[in-house]
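In: Turn this into a structure:
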Amino acid sequence: MLPEHPTQEMTCQLRRLWQEAFGDTQEYLDGFFRVGFSPENCLCIRQEGNIAAALYWLDMTCRGEKTAYIYAVATARAYRGQGLCRRLMERTHRILKDRGYAMAVLVPQEPGLVRMY
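Out: Residues are numbered from 1 along each chain as shown. A predicted model of the protein is given here:
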């Protein structure tokens, strides 16, 4: 149950989790997974053979510094309340630090999520 980078074979499960969490269209997901998805900039946690939680980050520059935009953080309904998001965020921040990122940015989808992050 450790955060891991997904394999290409996990893309269908990542898409299902994304759609459950955010309700985006297949066309939107097609575009993201074609242009924005990079397995090395994604972490997920599997439980019982299913992807239970995932997050992605996009590389950007802010004030001349290498920055990660953390994006589409989601936990499947069946696995919420187990601290999976916390584990993903902790592991992501260690990876970003090791890769030389100066900072990370996350904009919660809803005001109620600000406290959680």
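In: ok, now which ones touch Leu96?
Out: 57, 68, 104 (C-beta atoms under 8 Å, 6 or more residues apart in numbering). The way it works is simple: take the backbone N, C-alpha and C, and place the C-beta from them, glycine included.
In: my guess is it is in a strand, correct?
Out: No - counting by DSSP: H, G, I helix; E, B strand; the rest coil, Leu96 is not found in a strand; it is helix.
In: Need the residue closest to the centroid of this structure.
Out: Leu55 (0.6 Å; C-alpha atoms, centre = their mean).
In: Now do the strands in this protein.
Out: Assignment of strands within the chain using DSSP state E yields the ranges 42-47, 50-62, 65-75, 103-106.
In: As JSON lines, the ones you listed with mean pLDDT and distance to Arg94 would be great.
Out: Shown next, in JSON lines, are those (pLDDT from 0 to 100; distance: least, C-beta to C-beta, whole Å):
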{"stretch": "strand 42-47", "mean pLDDT": "97", "distance to Arg94": "10"}
{"stretch": "strand 50-62", "mean pLDDT": "96", "distance to Arg94": "13"}
{"stretch": "strand 65-75", "mean pLDDT": "95", "distance to Arg94": "12"}
{"stretch": "strand 103-106", "mean pLDDT": "92", "distance to Arg94": "11"}
